[in-house]
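A.B. asks: Just need the structure, nothing else, for what follows:
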Amino acid sequence: MRTEPRSGCPINLGVEVLGDPWSAVVLRDMIFGDRRYFRELLSGSLEGIASNVLAARLRDLVAAGLLVREDAGRGHRARYSLTEAGIQTLPVLVALGTWGRAHRETAPELTVRQRLLEEGGPGLVAELMDELRAAHLGAPLPPATGPRASERLCAAYEAEVVRGPVDG
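C.D. replies: As a prediction, the model looks like this:
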């Protein structure tokens with residue numbers, strides 16, 4: 001990872017951290033798959049990330065301040081957690097997914113969460129960010145009046161996988 005940015009342009013600075021496809025995929029898997037250990041990220045990757053690439057991306061994301069690595073004692077696995085900056089990538093990932101859904105052919109079972117996030121708008125994204133803050137930063141969860149955002153996303157995904165794609 002570069003130590004000095006190419007320029008101070010906000011878009012350049014964001015792309016230097018998030019522009020690598022594997023970095024966005026690692027963040028996606030942590031946010032939506034609750035994968036926080038190296039092996040979980042490696043074995044759960046739909047895209048088949050190589051172990052050396054994953055190790056490099058995790059180092060880069062820690063260095064960029066999007067993740068923290070919680071050192072484990074001897075014989076234990078290190079766990080990664082999102083920082084506030086990492087949690088705040090969620091709206092960026094949602095925007096990227098919105099573009100991908102509109103302009104690329106997608107798999108219905110892999111699109112259901114994206115569609116739900118688009119339909120739920122900023123409120124659903126904010127709710128999910130609160131859940132991530134609780135899980136990764138230990139922040140208290142605001143009271144819920146119904147199922148949590150993550151529960152709704154998970155239920156929608158499971159319903160799509162069980163039901164299968166629906167045309168229309």
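
A.B. asks: Give the buried residues for the helix or strand where E151 lies.
C.D. replies: Per DSSP states H and E, E151 falls inside helix 149-163. For helix 149-163, burial by neighbour count (16 or more other Cβ atoms under 10 Å) applies to 149-150, 152-153, 156-157, 160. (Glycine included, C-beta is placed from N, CA and C.)

A.B. asks: Other residues contacting that helix?
C.D. replies: With contact meaning Cβ atoms under 8 Å, 6 or more residues apart in numbering, helix 149-163 is reached by 32, 108-109, 112-113, 116-117, 120, 124, 127-128, 131, 147.

A.B. asks: Out of the residues you listed, which comes closest to A78?
C.D. replies: Checking the contacts of helix 149-163 against A78 by Cβ to Cβ gives F32 as the nearest, at 21.0 Å.

A.B. asks: Burial check on that closest one, number of neighbours?
C.D. replies: 18 (other Cβ atoms under 10 Å).

A.B. asks: Using CSV, list the CA coordinates for whichever strand or helix holds it.
C.D. replies: Assigned by DSSP H and E, F32 belongs to helix 21-33. C-alpha atoms of helix 21-33 as CSV (Å, rounded to 0.1, in the frame of the first residue of the first chain):
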residue,chain,number,x,y,z
PRO,A,21,-11.8,-5.0,-6.1
TRP,A,22,-10.7,-7.4,-3.4
SER,A,23,-10.8,-4.6,-0.7
ALA,A,24,-14.5,-4.0,-1.5
VAL,A,25,-15.2,-7.7,-1.5
VAL,A,26,-13.6,-8.2,1.9
LEU,A,27,-15.6,-5.3,3.3
ARG,A,28,-18.8,-6.7,1.7
ASP,A,29,-18.1,-10.1,3.3
MET,A,30,-17.5,-8.6,6.7
ILE,A,31,-20.5,-6.3,6.6
PHE,A,32,-23.1,-8.7,5.1
GLY,A,33,-21.6,-12.1,6.0
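
A.B. asks: now that helix: how far from the chain's centre is it?
C.D. replies: 4 Å (Cα atoms, centre = their mean, to the nearest Å).

A.B. asks: Residues contacting whichever helix or strand comes after that helix, please?
C.D. replies: Going down the chain from helix 21-33, the next helix or strand is helix 38-43, by DSSP H and E. Residues from elsewhere that reach helix 38-43, judged by Cβ under 8 Å, 6+ apart: 26, 29-30, 33, 35, 49, 51, 54-55, 58, 77-78, 80.
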